[in-house]
Every structure is written in C-alpha cells, then in structure tokens.
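**Student:** Let me see the structure of the following:
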Amino acid sequence: RAAVATVLDGIPGRNKAAAQELAEILCHLGNKSEALEWAKSFLATLPELPCALVGWGGLTPAQEQELQRLLVSKGVPQDAVGARLQAAVAKLGPGPLAGALSQKNVWQALKAAASRPGTPFKWVQPDELQAHIELKAQTKFGTEVRQPRAKKQRASRSLAVAPLHIDPTQLMLSPGSFVSKSGSPLGQISFAEVQACATGICFCTSTQATPFLEAAKNLSVDALALVTTSEIEAHSYGLANASPLRFPALYAPTQEAILVTGTLIQLGDEEVQLSVADIAEVENLSTVVCRLSVYKDECKLPWERFTE
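**Tutor:** As a prediction, the model looks like this:
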C-alpha cells in the first residue's frame, strides 16, 4: 500500500495553531479515552508507508508586505516590487524566503538565499541601485553623485628606436681607412689636438662637433676632419662642409672591427675622404635581451653536458 500526503501550505509556523486545535479536537472527540488508546495501538502496529510531501503554499500577506517594504528601501521601484516579489517566490521558493524573514538580519539572510548554487537571484538591478544611491545622496547631502569619467585610451604608438651612441674615446682608427685627397693615409688625433695646422682624423660626439658646424671655417691648410659617432641631421650643417658616411673602425675594449654611421666635417683646406668609398650598406637589426634560467635539480640532461 502507498499513501500520498499533500500539504497545502509549507510555510514554517503558519499551520501550527490550526494543527494544535485539530489535535485537541481529535483527542477529546467523544470523550472516549479507550478509543484513543486503541487508535494509538493500531497506528503503532502499522508498517511504515512510503509518502511524499508537496507544498502548495505561499507567503502570508504580512510576510509579503514586510518583504515589499524591504525591497523598496533597498532601491526596487514601487511599481516593480510586486513583480520582483513573485519572481523571487517562483525562483527561491516560499519556504526559504519565510525562513529568511524570521532571521535577525533579514537582508543578509535574503541575499544568502539568493546566492545559493543553482538558484541565483538578483534582488536589486544595477540601474535601480545607482538611482537609489543618487537619490539618497541628494536627499541627505543635497548633491549629485558624480559619474566616473571614462578613461581615455592612449593611442598606441610605436616606440621610436633610440639612436646608437658610441663613445668616441673607445674607437680606434682602422689603418688606412681615411686618406687625404692626394691619397696619403691619415692618422688619428685626440679632440684636444684639433687646432690650427693639425692633420688627421678625430672621432667625436655630435655635441662636440656643434661649435665647428656653427663656425663653418677651416682650421688647417692640411687634411683635417672631425668624424662623429652618430649621424647629424643635414639641416644642422649650415655653411659647414659636412656629409654623412659609414666608416670602419676598431672598438678598443674588444679589438673588434665595426661599422659606424656618422658625419664627416671638413676642417682643412685639403679634403678628407674614405679610402674605400663603396662600403656596402648594412641593415640595422633590432635586438632584444632574453634571460633563461635552468635549475640543476630540475634539468633532465646531465649537468656536465648542459654546461659544455
């Protein structure tokens, strides 16, 4: 045999008084204690029957009013609170809502019930909350809530490649790389030796060469020239006899041969030129530095082999 018990109202506490009254009536029905004892004994011998409970109840009018007042105080518009209440009952069930309304912190309990897995529910929509905050601020302080400024997105720009600055004191003249117009090879001189009647090639920076460009006059009757280690813009030449060039040199710390792009500034009556004028153009390649860490205890290869 099977029996199905249908409870028409599953709200905690609402049927308690009616159930107690019904029990008292049944217990005193006919004022026959023998019949009650017989009924209890009969029920005690019955086997346990499978049953199912189906709730068809809802919130009481008092509970609905309490929940509506709370939602309005949190920002739900008056014309939308009824629909919000019905949606909450359908989503969460009247039982959990009634249980939350009986808690000390009602709003916290309602939010906890609305955040359970499988039944998420948003009591107050974001636009309603924003309007409620603005109204509350205006009412309390007589001011408006400033809207956050939209962050301006910086236009992406490619980083300009910084020019290569080579210390001229670290460069050595490649033998025979510069000659006079007559074909005589020229030697290297220091910047302090650039003066009247001097002969040779001096490596210098663009800043050191600026006064000579501004003066735009020769210092020597022989072959004398400044060679900068970075290229100077053509509009900065003025009246000076200058030209861009790519020249070979030796990097003193490593004694390696390198090619440098710079500017040749003539300071003598006899012009200076490269002994080899057709130096091939070399493409400038951008480089990056990468650090790779390998731990000895995690390396699968023999460490001696890895470090070879």
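
**Student:** Just confirm L101 contacts A62, I think it does.
**Tutor:** No: under the criterion of Cβ atoms under 8 Å, L101 lies out of contact with A62, with a separation of 9.4 Å. For every residue, glycine as well, the C-beta is placed using N, CA and C.

**Student:** Now for Y237: which residues touch it?
**Tutor:** Y237 sits next to L213 when contact means Cβ atoms under 8 Å, 6 or more residues apart in numbering.

**Student:** how far away is it from S115?
**Tutor:** Y237 sits 74 Å away from S115, taking Cβ to Cβ, to the nearest Å as the criterion.

**Student:** Of L101 and A62, give the one with the bigger neighbour count.
**Tutor:** L101 (18 against 9; other Cβ atoms under 10 Å).

**Student:** which SS class is the residue nearest to that one when sequence neighbours are not counted?
**Tutor:** Sequence neighbours aside, Q63 is the residue nearest to L101 in space, at 5.6 Å (criterion: Cβ to Cβ, 6 or more residues apart in numbering). Q63 falls in the helix class when you classify it by DSSP: H, G, I helix; E, B strand; the rest coil.

**Student:** Correct me if wrong: Q63 contacts S102.
**Tutor:** No: Q63 sits out of contact with S102 when judged by Cβ under 8 Å, with a separation of 9.2 Å.

**Student:** Comparing these two, which residue is more hemmed in?
**Tutor:** Neighbours were counted for Q63 and for S102 using other Cβ under 10 Å; Q63 has more, 18 against 12.

**Student:** Distance check, that one against V106.
**Tutor:** Here the distance between Q63 and V106 works out to 11 Å (Cβ to Cβ).

**Student:** in the stretch 1-150 of the chain, which spans are helices?
**Tutor:** 16-27, 33-45, 61-73, 81-92, 94-101, 106-114, 126-141 (DSSP state H, counting those that start in this stretch).

**Student:** weakest of those by average pLDDT?
**Tutor:** Mean pLDDT across these is lowest at helix 16-27; the value there is a mean of 66.

**Student:** For stretch 211-228, give the mean pLDDT please.
**Tutor:** In this model, stretch 211-228 has a mean pLDDT of 91.

**Student:** quick one: low-confidence ranges for the stretch 201-308 of the chain?
**Tutor:** Screening the stretch 201-308 of the chain residue by residue with the criterion pLDDT under 70, one finds the ranges 277-285.

**Student:** now the strands: where do they sit in the stretch 101-250 of the chain?
**Tutor:** Secondary structure of the stretch 101-250 of the chain (DSSP state E, counting those that start in this stretch): strands located at 171-173, 178-180, 200-204, 220-228, 242-251.

**Student:** wait, which of those strands is closest to H165?
**Tutor:** Using Cβ to Cβ as the criterion, the shortest distance between H165 and those is 10.4 Å, found for strand 220-228.

**Student:** Distance of P168 relative to N218?
**Tutor:** Computed as Cβ to Cβ, the P168 to N218 distance reads 21 Å.

**Student:** between those two, which one's more packed in?
**Tutor:** A count of neighbours by other Cβ under 10 Å puts P168 above the other of P168 and N218, at 21 against 16.

**Student:** just checking, that one touches T205?
**Tutor:** Yes: between P168 and T205 a contact is recorded at 6.0 Å, counting by Cβ under 8 Å.

**Student:** Return the set of residues that bridge with the residue lying closest to A249 once chain neighbours are set aside.
**Tutor:** Nearest residue to A249 in three dimensions, chain neighbours excluded: L171, at 4.7 Å (Cβ to Cβ, 6+ apart). In this structure, L171 bridges to Y251 when assessed by DSSP bridges.

**Student:** And L171, what's its pLDDT?
**Tutor:** Looking at L171, its pLDDT stands at 92.

**Student:** now do the one 10 residues further on
**Tutor:** pLDDT, K181: 89.

**Student:** Surely it touches Q273?
**Tutor:** Yes: if you go by Cβ under 8 Å, K181 and Q273 touch, sitting 6.5 Å apart.
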